[in-house]
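*Asks:* Give the three-dimensional model of this entry:
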Amino acid sequence: MEWKLAHPLEDVQEIVNIADQYFVDTGGVMTKNKEIFRKNVTVTSTVQLFDKTKEFLAVCRETKEDSERMLGYCWFDRFGYTTYSADEISNAKFHHVEPDLSPRVKIKILDEMIDQHILWAYNCGIPVICSTSVRPEHDVFMKLHKRRGFTVNGSYAWIRTEQGMKCLTK
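*Replies:* Here you go, the predicted model:
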């Protein structure tokens, strides 16, 4: 498995395909639009070619003999704030892995995504990390965060970046 920053000419369609399997039904509150998602993935992956501090969008690929496939991707932003603190927050937009992977491989990739989030926030000087899930079955995802030292409240996981650095997986 190899991680790299998403590239606008190489990775967009595969990211859209993986994401399409994960978008949840919001009961008609939100209307899913793959073209808007494709545009946002393309813009983010293009901007990070020139400025790696705005957002972070990375892909995990597996290469076997003559084939290669995307196993998952993670996407983080910054410039989030609460109404009661001046601490900047990096929010996780997505942690998506191919659904056909074994649970063990999924957890390994998700742990690596959490590492990526911590390292990116640390290198950008962002003091707080937040990871959320809108999926109804978020317990395992939140347990991964709790195990890593995050404070978990429902489908939200928070940690000070400095604390997260102490809990990086080996």
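
*Asks:* So for the chain, the centremost residue is which one?
*Replies:* Residue closest to the mean C-alpha point of the chain, counted by C-alpha atoms, centre = their mean, is residue 74 at 2.9 Å.

*Asks:* Helices along this structure, start to end?
*Replies:* Using DSSP state H, the helices of the chain run over residues 12-20, 34-50, 103-124, 139-147, 161-166.

*Asks:* out of the ones you listed, which comes closest to residue 92?
*Replies:* Checking the helices of the chain against residue 92 by C-beta to C-beta gives helix 103-124 as the closest, at 6.0 Å. Backbone N, C-alpha and C define where each C-beta goes, glycine included.

*Asks:* CA atoms of the closest one as PDB?
*Replies:* Output of helix 103-124 as PDB, limited to C-alpha atoms (Å, rounded to 0.1, in the frame of the first residue of the first chain):
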ATOM      1  CA  PRO A 103     -12.200  -5.600   8.100                       C
ATOM      2  CA  ARG A 104      -8.500  -5.900   9.200                       C
ATOM      3  CA  VAL A 105      -7.300  -4.100   6.100                       C
ATOM      4  CA  LYS A 106     -10.000  -1.400   6.400                       C
ATOM      5  CA  ILE A 107      -9.000  -0.700  10.000                       C
ATOM      6  CA  LYS A 108      -5.300  -0.500   9.000                       C
ATOM      7  CA  ILE A 109      -6.100   2.000   6.300                       C
ATOM      8  CA  LEU A 110      -8.400   4.000   8.600                       C
ATOM      9  CA  ASP A 111      -5.600   4.100  11.200                       C
ATOM     10  CA  GLU A 112      -3.200   5.400   8.600                       C
ATOM     11  CA  MET A 113      -5.800   8.100   7.600                       C
ATOM     12  CA  ILE A 114      -5.900   9.200  11.200                       C
ATOM     13  CA  ASP A 115      -2.100   9.400  11.200                       C
ATOM     14  CA  GLN A 116      -2.200  11.500   8.000                       C
ATOM     15  CA  HIS A 117      -4.700  13.900   9.600                       C
ATOM     16  CA  ILE A 118      -2.600  14.300  12.700                       C
ATOM     17  CA  LEU A 119       0.600  14.800  10.800                       C
ATOM     18  CA  TRP A 120      -0.900  17.300   8.300                       C
ATOM     19  CA  ALA A 121      -2.500  19.400  11.100                       C
ATOM     20  CA  TYR A 122       0.700  19.300  13.100                       C
ATOM     21  CA  ASN A 123       2.800  20.500  10.000                       C
ATOM     22  CA  CYS A 124       0.300  23.200   9.300                       C
END
